[in-house]
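Q: let me see the structure of the following:
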Amino acid sequence: MSAQPTPAQAPAARMSRRQVLEALSGLLLAMFCSMVSTTVVGTSLPIIVPALGGTQESYTWVVTITLLTTAISTPIWGKLADLVNRKTLMLIALAVFVLASAGAGMSTSAEMLIAFRALQGLGGGGLAALSQVLMADIISPRERGKYMGLFAGVMAVATVGGPLLGGVMTDTIGWRWNFYVGVPLGIIAFAVLLRTLRIEQIRAAKVRIDYLGIVLLSVSAGVLLVWITNVSDYGWISWETAWMVGIALIAAVAFVLVELRVAEPLIPLTLFRNRTFTLAVLASISIGVAMFGTSVYLGQYMQISRGYGPTEAGLLTIPMAAGMLVASAVVGQLVTRFGRWKSYLVVGAVLMIAGTCLLSTLAYDTSLWLVGTYMFLLGAGTGMTMQNLVLVVQNTSKPQEIGVASSGVNFFRTVGGTAGVAVMGSVLAASMTQQLTDRAQEIGAAVMSLGEQGQAILAQLQSGALPVTRDMPEAIAVIIEDASAQAISHAFLIGVPLAVLSLVAIAFLPNKPLTRQNNIERMRAQRLEGDLAVATAETGSIPVHVADDGDASSARSR
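A: Below is the predicted model of the structure:
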């Protein structure tokens, strides 16, 4: 007799395009909340921190703590997504983010702001990790390209529009709205997801959480990120570096030993047996440097080397966001239409190399049209590679590990990118110091010609504070602009070998076809095949064949 699936096993109807778009609207809004919370304060922190009585150290921690908690929490959210209900986790992450945003807006001290920024990063890490996992649940890898333009658009708007929005709100209704703006957006996203997101998640019967792994990963990654972001103050060879790197390494080794023994590891080391996952992690490091490095140092180039204000600097970086948006949308459509992906990743990596190399030639008088072209090339390369690397990892990972695989790529991209940016910062600082030393006589002559004003500028330079060249007389401004442009171009050279590494890793990625099944359908098909295999052993019937689209054909008895 033939083995037929029970009603409980019968595959549910796939979501319609309208239903997918409705669910995606909530995910996109949640992602926008997470990203804009980081970018919106970029132009406002010089006002926010002094208003709360904070110091330069407070300023650094307001920025660092969000990155730190986002990076640490990303793999934890990803692992939990494989164990418990993903929709519930997404709503929890949104609730944490909204409450933290409200608390940050009500801060009365720098310490209070830092605490709530840490919670914002915790919620934001969940939003970033879970949105990609939920997208895999409702859209197959082959079809996902059609929607990639939407995600690229959200990233572009958050990257460019965030600093502009923050500046406008600070100048009009007050800096607290830099944080309050996330509250209504988060509430709307919560309501939309609650109403539209319907998924069937097949989970293990018993949930085991790797608490020790969470602690060890948090210690290792946390101490490492704190060291990286402050190494310019400590020095690469110092006792602070020795003990912080030592603790990070000891915790990392202990984490690996724990992950080899626990039943449900936080980051299964077996993932690295998957060639696609390992190569995607290596390729993502360069993308992290491109994302974080350009946002930090291109803004610095526009303000210090070119003498523009924060709002103007934000507008002048639009070409990079435009490159990301256009490339991601076009390539996404091509991937869905033709099913090919590797050639676009290779082209994207080449564009990243070209963009990074060209940015390393920047001078204080480089044509803005050329600077915009360089940024567009780098943005296009990033848009072609970033989301597609997560896509190919999800395409080859086990359905039961889609959460840890997706968040793993994001985690290593963040940590690797942060390390790269720290190295770039050290190179920039050393180069800037050398430039000013070599031109000491020239600077001294310019200072002498300016009298008391020159002495004030000299004191500012000697204090180590970033010079505001737009407020300086031309005699000294030109020298500082030239020196800073050369230092920043030297920093961009760090990204060149990393971009080459990304190209090599992408070139060796296995060129596997994209499946037309979403993650839920893949898990359902696995369960159905397992049940029918048992039925075959018991009754002697032939198991059904599970088609690529998730439908099962009828079985014939022997």
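
Q: I'd assumed P265 was in a strand, is it?
A: No. The assignment for P265 (DSSP: H, G, I helix; E, B strand; the rest coil) gives coil, which keeps it out of a strand.

Q: next up, phi/psi of it, please.
A: Backbone geometry at P265, expressed as degrees, to the nearest 10, gives phi -60, psi 150.

Q: quick one: contacts for the residue lying closest to it once chain neighbours are set aside?
A: Computed as C-beta to C-beta, 6 or more residues apart in numbering, the closest residue to P265 that is not its neighbour in sequence is E259, at 4.1 Å. (C-beta placed from N, C-alpha, C; glycine too.) Residues in contact with E259, defined by C-beta atoms under 8 Å, 6 or more residues apart in numbering, are D210, G213, P265, L266, I267, P268, L269.

Q: for stretch 252-266, C-alpha coordinates in CSV please.
A: Extracted in CSV, the C-alpha atoms of stretch 252-266 (Å, rounded to 0.1, in the frame of the first residue of the first chain):
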residue,chain,number,x,y,z
ALA,A,252,37.9,32.5,23.2
VAL,A,253,39.7,29.3,23.7
ALA,A,254,37.3,28.4,26.6
PHE,A,255,34.4,29.2,24.3
VAL,A,256,35.7,26.8,21.6
LEU,A,257,36.1,24.0,24.1
VAL,A,258,32.6,24.5,25.5
GLU,A,259,31.1,24.6,22.0
LEU,A,260,32.7,21.2,21.2
ARG,A,261,30.9,19.6,24.1
VAL,A,262,27.5,21.2,24.6
ALA,A,263,24.3,19.7,23.0
GLU,A,264,23.2,23.0,21.5
PRO,A,265,26.3,25.2,20.9
LEU,A,266,25.8,28.9,20.5
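
Q: can you point out the buried residues in that stretch?
A: For stretch 252-266, the neighbour count (16 or more other C-beta atoms under 10 Å) marks A252, A254, F255, V258, E259, E264, P265, L266 as buried.

Q: got it, and stretch 282-296?
A: Buried residues in stretch 282-296 (16+ other C-beta under 10 Å): 282-296.

Q: T515 is in contact with R522, isn't it?
A: Yes. Between T515 and R522 there is a contact at 7.1 Å, judged by C-beta atoms under 8 Å.

Q: compare those two and say which is more crowded by neighbours.
A: R522 (22 against 19; other C-beta atoms under 10 Å).

Q: the helices in the stretch 401-550 of the chain, which residues?
A: 402-438, 440-450, 452-463, 474-492, 495-507, 519-539 (DSSP state H, counting those that start in this stretch).

Q: now the longest one, how far from the chain's geometric center?
A: Here the centre of helix 402-438 is set off from its chain's centre by 13 Å, with C-alpha atoms, centre = their mean, to the nearest Å.

Q: next one: the fourth one
A: Remark: helix 474-492 is offset 29 Å from the chain centroid, using C-alpha atoms, centre = their mean.

Q: buried residues in that helix?
A: So, applying 16+ other C-beta under 10 Å, buried residues of helix 474-492: 475-492.

Q: and what of the first one?
A: Buried residues in helix 402-438, counted by 16+ other C-beta under 10 Å: 402-428, 431-432, 435-436.

Q: which strands or helices does it pack on?
A: Counting contacts by 3 or more C-beta pairs under 8 Å, 6 or more residues apart in numbering; DSSP states H and E, helix 402-438 is packed against helix 56-83, helix 110-138, helix 211-234, helix 275-300, helix 368-396, helix 474-492, helix 495-507.

Q: and of those, who's closest to L91?
A: L91 lies closest to helix 110-138 among the helices and strands packed on helix 402-438, at 9.6 Å (C-beta to C-beta).

Q: which other residues reach stretch 126-134?
A: 23, 27, 30-31, 33-34, 70, 73-75, 77-78, 81, 86-87, 89-90, 92-94, 96-97, 197, 199, 390, 394, 402-403, 406-407, 410, 519.

Q: any of the residues you listed buried? List them.
A: 23, 27, 30-31, 33-34, 70, 73-75, 77-78, 81, 86-87, 89-90, 92-94, 96-97, 197, 390, 394, 402-403, 406-407, 410, 519.

Q: the closest residue to L362 other than its chain neighbours: what's it in contact with?
A: Closest residue to L362 apart from its sequence neighbours, by C-beta to C-beta, 6+ apart: S489 at 4.6 Å. Contacts for S489 (C-beta under 8 Å, 6+ apart) come out as L359, S360, T361, L362, A363.

Q: I'd like to know how far S489 sits from Y301.
A: 9 Å (C-beta to C-beta, to the nearest Å).

Q: pull up the overlap in contacts between these two.
A: L362.

Q: distance to V181 and mean pLDDT added to the helices of the stretch 401-550 of the chain, as a markdown table?
A: Compiled in a markdown table, the helices of the stretch 401-550 of the chain are given as follows (distance: least, C-beta to C-beta, whole Å; pLDDT from 0 to 100):
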| stretch | distance to V181 | mean pLDDT |
| --- | --- | --- |
| helix 402-438 | 24 | 79 |
| helix 440-450 | 42 | 75 |
| helix 452-463 | 34 | 64 |
| helix 474-492 | 31 | 83 |
| helix 495-507 | 32 | 89 |
| helix 519-539 | 33 | 69 |
